[in-house]
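Asks: Coordinates for the following, if possible.
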Amino acid sequence: MALTGPEATTPRDESGWIGSWVRADPVRAVGVAMILVSLAWRAQLASRGFLAADDWVLVAQSAGSDLTPGFLFTLYNNHFMPAARLLTWLVTHALGYAYWPYLLLMIVGQALIAVTFHRLLRALLRPGWLLLVPLGMFLFSPLTLEATSWWAVGANMLAMQLAMVLALGAQLKYVRTRRLRHLVSLALSVLLGLLFFEKTLLVVPLVFLFTACLFADGGPVRAVVTTLRRWWASWAVLAAISLGFLAAYLSRSVSSLRQPNSIFEVFSFLEQLLGSTLVPGLFGGPWRWLGAGDGAPVAAPPELGRWLAWTALVALIVVTLRLRRIAARAWVLLGTYLLVVAALLAATRLGSVFSDVAGAVPRYVSDVAVVAALCVGVALLGLAAPAAAPATGAVPPAPGPEADDEPAPPDDPAPEPVAGARQEVTPEEAVVEEAVVEEARAAVPAAPRRGVIHAEMDHGEAPRGPIPTATPAAAGPPPPTPAVRPGDTQRAAAVAGTSAASAAPATGTIPVAAPTTDGATATTPAAANVGPRADASDLDRMPDVLARNRETAAAALAAVLVAAGLGTAWTTARYGDEWATSTSRTYLETARAELAGAPPGTVFFDRKVPGDVVLNLSAPYNQQSRFFQALPDRPVFVTEAENPSVFDDSGRIAALGVDGPSVRPGPEEGCGYKLTDGQVVRMPLNGSQVDWFWVVRVGYLASADATATLRLGDGVREFRVQRGLHQVFFEITGGGDAVDLTLHGPGVTLCTNEVTVGNLIARP
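Replies: As a prediction, this is how the structure comes out:
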């Protein structure tokens, strides 16, 4: 049957809305795909591991505490993290030692960061396929692996990274619009991060550096002064938050500042931090890991890999500096923030037992990965021009990716431009289209408008060539422009809201509204807008440079990206192998299986868990009584029992023994030391014990039930005596080379020749 009407002329879109969405903006579509792949990859990697090191301490503290403000606001290792404590408490009391809730929280956190970082890149940078380079650099960075697999790290760092991205995005919007709601977003972003990690305070200097380096004219001094004066409201908000938080934090914390042992320790730390961790990590390293017990491994890159990474970094800096003047400011931003982070780490980590490996721990610079990816994006692409706010006389922004370049079907209305969206073009096409757009813009009659619109051109980029102005019809054709593709003129006319052929004469300057001291707006030329400027001559030669070296540059970039991608895959896989080796998981699973098969009434003496499960530095949370506290069928721990048990270093249940000096044989044949009611008998040991915490075993034969008291130096312990042949274990704190034993029971006689004072052990 023949079709008539619109169905006969309008082709059916077999691919559906997904295909249309992809075609509208393929760069965005690939970016979303990269985010999904990175999340799936990290979830698979993290699921191979389990809780580790500090996780056990946080879980134990949560299991042994009620949900009170005192618990939430108690510092952990001098860290302020009430929100992380809240999440840990909720998971512990609901699901015990389940790891999947923490894994889910970390993946959700990573997803939020990935989406917001992608949006920040699209708002900040010029459009193009190269935008995927900084996105992929962050999404797959080995420097952030700990933050998406180890809960104690992720609870801090993921929140800080999210606060960084949200704060930078809010500041970017405030710089462009001066709207107060973006100041509120800026403040809330910082407060969000501070609820999880006090290091989020570094977001404050980062926001300032971001603004001064990328949006203020002039040299260092002038840029700082301009930044302070022009955006003082941001600094007032951030200063109030910082001072208030520091006052509350310092009143509860102890100083973490340390003194380096020598200048060589400082140099060794910096060499590790930059040479072994950060720079290799930016290019897919470290490619080789060094196991660090049950926690995450530390970076141990091969020497060749380190030099290749440094070579790639220097080459990237040199190339971007030649292509874009804004690249210099981007690298200054990265270097300055890195200096702040390194100084903080050196002041709090050097001079400790971990100072030898402090610079090789990737989690210490996982926040730098965000800044590095952002700065690389600025250096490669430059800054995007802010979209104009819709107002009377304003120049509408160019149609975005949602606008279809193809002619609309006869029966469909023409697509309207989307405010704020940007069209993906190649560098050569951008030069052509910018000239056409600027010609149309120049034809728009100037009119005062409300609000603040900053430079219509790229911050950090001057116009490529002179800005054309509209020419009246009687004056002849306009100056020649580069060749224009079909449809460019029409698209530019749509941008300007008028036809170039019918435009009124203009001066070539686009007036914008600027705030005055009394709150009104005043019209200022676009040339006076904020943002560092580049020499026009430098940018004019960029298309020629790109054209002459396109194949070489493309091949070099492809080689670097492939090498970095393969290196990242190898590094991540090796990290996964190390992370999958979980001593604590094996220990816990063994203990749970043993408890399930233990006879009723089994009781345990407390002892330390193995050092590779929980470090001794975490005492007293390295005790078995704390470690198993979140189990629903947790073991019963006592300080006195006749036949107690103990968990050995593998998590199996074993009989308890005592390793230490024993009393010398007593004088009574067949009895040893004979005690009656109220009699104190001194029994010398065949060794001496210092004043410490010990376990005592007393084997005895009693004629009836009674009580007895044992004294070891200043330590005294009373225990129960049962009729017959028995033994008793109990804890005592004392020291000396003899014990005094007293029996309490009229008519009761006790014989003993077995008294041992020492450390408890698991008997085979």
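Asks: Low-confidence bits of this protein, can you list those?
Replies: Low-confidence segments of the chain (pLDDT under 70): 1-15, 353, 386-550, 553.
Asks: Which helix in it has the most residues?
Replies: helix 550-580 (DSSP state H).
Asks: Just give the nearest non-adjacent residue to residue 102, would you?
Replies: Using CB to CB, 6 or more residues apart in numbering and skipping the chain neighbours, the partner closest in space to residue 102 is residue 151 (4.1 Å). In this view, the C-beta of every residue, glycine as well, is placed from N, C-alpha and C.
Asks: Might you report the residue contacts of that neighbour?
Replies: Neighbouring residues of residue 151 by CB atoms under 8 Å, 6 or more residues apart in numbering: 51, 55, 58, 88, 102, 105, 106.
Asks: Residue 751 too?
Replies: Residues near residue 751 by CB under 8 Å, 6+ apart: 668, 670, 671, 672, 673, 674, 675, 700, 701, 702.
Asks: tell me which element it falls in.
Replies: Assigned by DSSP states H and E, residue 751 belongs to strand 750-763.
Asks: Buried residues, that strand. List them.
Replies: Going by neighbour count (16 or more other CB atoms under 10 Å), the buried part of strand 750-763 is 750, 751, 752, 753, 755, 756, 757, 758, 760, 761, 762.
Asks: Spatially central residue in this protein, please.
Replies: The centroid of the chain falls nearest to residue 157 when counting by CA atoms, centre = their mean (3.0 Å).
Asks: just checking, next helix/strand downstream of the longest helix of the chain?
Replies: helix 583-597.
Asks: Output that next one as CSV - backbone C-alpha positions only.
Replies: Taking C-alpha atoms only, helix 583-597 is exported to CSV below (Å, rounded to 0.1, in the frame of the first residue of the first chain):
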residue,chain,number,x,y,z
THR,A,583,44.6,-11.7,55.2
SER,A,584,41.9,-10.2,57.4
ARG,A,585,39.1,-11.7,55.3
THR,A,586,40.7,-15.2,55.6
TYR,A,587,41.2,-14.7,59.3
LEU,A,588,37.6,-13.6,59.8
GLU,A,589,36.1,-16.4,57.7
THR,A,590,38.1,-19.0,59.5
ALA,A,591,37.1,-17.7,62.9
ARG,A,592,33.4,-17.6,62.0
ALA,A,593,33.5,-21.2,60.8
GLU,A,594,35.3,-22.3,64.0
LEU,A,595,32.7,-20.5,66.1
ALA,A,596,29.9,-22.3,64.3
GLY,A,597,31.3,-25.6,65.3
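Asks: Just the C-alphas of the longest strand anywhere in the chain, formatted as PDB.
Replies: For the chain, the longest strand by residue count, based on DSSP state E, is strand 680-702. Below are the C-alpha coordinates for strand 680-702, written out as PDB (Å, rounded to 0.1, in the frame of the first residue of the first chain):
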ATOM      1  CA  VAL A 680      50.100 -17.200 103.200                       C
ATOM      2  CA  VAL A 681      52.700 -19.300 101.200                       C
ATOM      3  CA  ARG A 682      55.500 -17.700  99.300                       C
ATOM      4  CA  MET A 683      56.500 -19.500  96.100                       C
ATOM      5  CA  PRO A 684      59.600 -18.400  94.300                       C
ATOM      6  CA  LEU A 685      59.700 -18.400  90.500                       C
ATOM      7  CA  ASN A 686      62.500 -19.800  88.400                       C
ATOM      8  CA  GLY A 687      62.600 -16.400  86.600                       C
ATOM      9  CA  SER A 688      61.600 -12.800  87.100                       C
ATOM     10  CA  GLN A 689      58.800 -10.800  85.400                       C
ATOM     11  CA  VAL A 690      58.700  -7.000  85.000                       C
ATOM     12  CA  ASP A 691      55.700  -5.100  86.100                       C
ATOM     13  CA  TRP A 692      53.400  -5.700  83.200                       C
ATOM     14  CA  PHE A 693      50.100  -7.400  82.100                       C
ATOM     15  CA  TRP A 694      50.400 -11.200  82.500                       C
ATOM     16  CA  VAL A 695      48.300 -14.400  82.500                       C
ATOM     17  CA  VAL A 696      48.600 -16.800  85.400                       C
ATOM     18  CA  ARG A 697      47.800 -20.500  85.400                       C
ATOM     19  CA  VAL A 698      47.300 -22.300  88.700                       C
ATOM     20  CA  GLY A 699      46.900 -26.100  88.800                       C
ATOM     21  CA  TYR A 700      45.700 -27.400  92.200                       C
ATOM     22  CA  LEU A 701      44.100 -30.100  94.200                       C
ATOM     23  CA  ALA A 702      41.500 -28.900  96.800                       C
END
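Asks: Summarise which helices and strands that strand is packed against.
Replies: Counting contacts by 3 or more CB pairs under 8 Å, 6 or more residues apart in numbering; DSSP states H and E, strand 680-702 packs against strand 653-659, strand 673-675, strand 706-712, strand 715-721, strand 724-744, strand 750-763.
Asks: Could you rerun that using 6 Å?
Replies: strand 673-675, strand 724-744, strand 750-763 (3 or more CB pairs under 6 Å, 6 or more residues apart in numbering; DSSP states H and E).
Asks: And the residue nearest to residue 102, how far from residue 86?
Replies: Remark: distance between residue 151 and residue 86 (CB to CB, to the nearest Å) = 13 Å.
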